[in-house]
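1. any chance you could fold what I've pasted below:
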Amino acid sequence: MLKVKILFVGPSESGKSVLANFLSENIDGIGSYIPTQGVRILEYEKPHIHGNGKGTEYRFELWDCSGDQKFETCWPALMKDSHGVIIVFNPDLPSHLKEIEMWYSCFVQQQQLLDSQCLLIAHHKPGSGGVMENLTLPSPLNRLHLIHSSLEEEPEDVRLEFVKYLKSIINLMNENQDKEEMSIIM
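-> Now for the predicted structure:
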């Protein structure tokens with residue numbers, strides 16, 4: 001069984017823990033806001049997610065990282081061996097739109113991850129009444145895949161987009177493994 005490590009990062013109170021719980025089918029802490037201290041790791045297996053038909057099973061680790069920048073000294077350790085980054089933000093807060101550039105720079109660019117390894121989630125909190133329209137994001141954020149999340153209105157759409165993202169990460173991992181194997185053979 002191969003491990004797939006996905007980081008959930010973004011500003012404080014953006015909904016990272018709620019989304020990580022929902023997507024991993026974990027029901028802990030639903031309904032109350034408790035700031036994440038450092039990191040919280042959720043593990044789960046999705047037996048129906050396979051890459052390239054190889055039949056390999058995957059264990060997913062969702063690393064729910066605190067949005068508090070006082071933990072910045074821990075970030076290099078959190079980033080080690082990650083396969084993907086999900087940046088979660090509240091589109092109703094202008095400060096979050098400014099902050100996500102910093103999260104992208106630190107967690108995607110500094111790790112030299114591909115843009116395809118990053119997913120941007122505009123998370124609309126319950127009762128926010130936020131309009132799910134296209135956001136105007138600055139470059140390079142405008143090249144990232146952006147989804148809007150409303151667990152009140154379209155929860156299964158969010159889950160389907162997440163599964164597509166996981167499949168793309170698995171396919172990339174398989175391609176990299178195939179290249180590595182071919183380089184050994186040659």
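2. what about the spatially most central residue of the chain, which helix or strand?
-> By C-alpha atoms, centre = their mean, the chain has its centre lying nearest to residue 86, at 2.1 Å. Assigned by DSSP states H and E, residue 86 belongs to strand 84-89.
3. immediately after that strand, which helix or strand?
-> Using DSSP H and E, the next helix or strand after strand 84-89 towards the C-terminus is helix 94-104.
4. alpha carbons of that next one, as CSV, please.
-> Output of helix 94-104 as CSV, limited to C-alpha atoms (Å, rounded to 0.1, in the frame of the first residue of the first chain):
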residue,chain,number,x,y,z
PRO,A,94,-10.3,40.1,1.5
SER,A,95,-7.4,39.4,3.8
HIS,A,96,-7.6,35.7,2.7
LEU,A,97,-7.3,36.6,-0.9
LYS,A,98,-4.0,38.4,-0.2
GLU,A,99,-2.7,35.7,2.1
ILE,A,100,-3.1,32.8,-0.3
GLU,A,101,-0.2,34.1,-2.4
MET,A,102,2.1,33.6,0.6
TRP,A,103,0.7,30.0,1.1
TYR,A,104,1.3,29.2,-2.6
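5. neighbouring contacts of it?
-> Contacts of helix 94-104 with the rest of the structure, by C-beta atoms under 8 Å, 6 or more residues apart in numbering, involve 9-11, 14, 87, 89-91, 118, 120, 135, 137-138, 140-141, 144. For glycine as for every other residue, the C-beta is placed from the backbone atoms N, C-alpha and C.
6. the strand holding residue 86: partners in the sheet, and parallel or antiparallel?
-> Counting by DSSP bridges, the strands paired with strand 84-89 are strand 2-9 (parallel), strand 118-123 (parallel).
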